[in-house]
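> make a model of this:
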Amino acid sequence: MKDEEKPIKRTTIILDEEERKYIDQLIREGKEPGIKPLISKMLDVYRSMMIYDWKYPGEYYCGISRIAFVNAELISTFLQYIPREKWWEVGRKAGEVLRVSLEASLNLKAEERKDWPNVFKRLRIQGFGDIYLRDKYIVVKAPFIDSFEVWGGLLEGLLGVRLDAKTVSSPFVYEIVED
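Reported below is the predicted structural model:
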């Protein structure tokens, strides 16, 4: 039998009732297109997080960076103690640090537009949200940090561009005004 004629292997996954309800809810709310794409995304995230480097519980090392899972409330609490007029600047500094980390750890040149899809994929894997390039716009869906100012600065520092915020609530839309 030729390679392309081999039968497809099927796998059955048995989910608890609560897990199935949750998946059905995600699909019903339009957050996921279906169970197969969801499981594919989960496997992609799993593969992409270098699980062999995990240090239990919930942290891993990626090149020079120690990455830990934190919740949105923690970031929100930190932001409460920073004057709002500095949020864009704080985001820009965070983006610059993130750029150095991505370049040193994964050899991604965040300032080069050709690498943006891989940079955006890495940010999605790390839980930042879903980021897309649409012509001269950057769209951030389901952002981990719910501040257009922090996101605008973060993307500017990370990508080395100037942005103009077009929305102030999620999904965030930024126009690239200067490369």
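> distance check, E156 against P33.
31 Å (Cβ to Cβ, to the nearest Å). C-betas here are computed from N, CA, C, even on glycine.
> of these two, which one has the most company?
E156 (21 against 11; other Cβ atoms under 10 Å).
> next secondary structure after the helix or strand that contains that one?
E156 is part of helix 148-159, with elements assigned from DSSP states H and E. Next along the chain after helix 148-159, taking DSSP H and E as the criterion, comes strand 162-165.
> what number of residues lie near the residue nearest to V168 when sequence neighbours are not counted?
In space, and not counting its chain neighbours, V168 is closest to F148: 5.0 Å by Cβ to Cβ, 6 or more residues apart in numbering. Counted with other Cβ under 10 Å, residues neighbouring F148 total 22.
> swap in V177?
Applying other Cβ under 10 Å, we find 10 residues neighbouring V177.
> and what of V168?
V168: 10 surrounding residues under other Cβ under 10 Å.
> which stretches of this structure have low pLDDT?
Residue ranges of the chain with pLDDT under 70: 1-4, 48-69, 179.
> would you list every one of the strands in it?
54-55, 59-62, 65-68, 130-134, 137-141, 162-165, 172-178 (DSSP state E).
> picking that back up, quick check, the residue nearest to V168 in contact with F172.
Yes: shown here, F148 and F172 form a contact pair, counting by Cβ atoms under 8 Å, at 5.0 Å.
> fine by me, we can end here.
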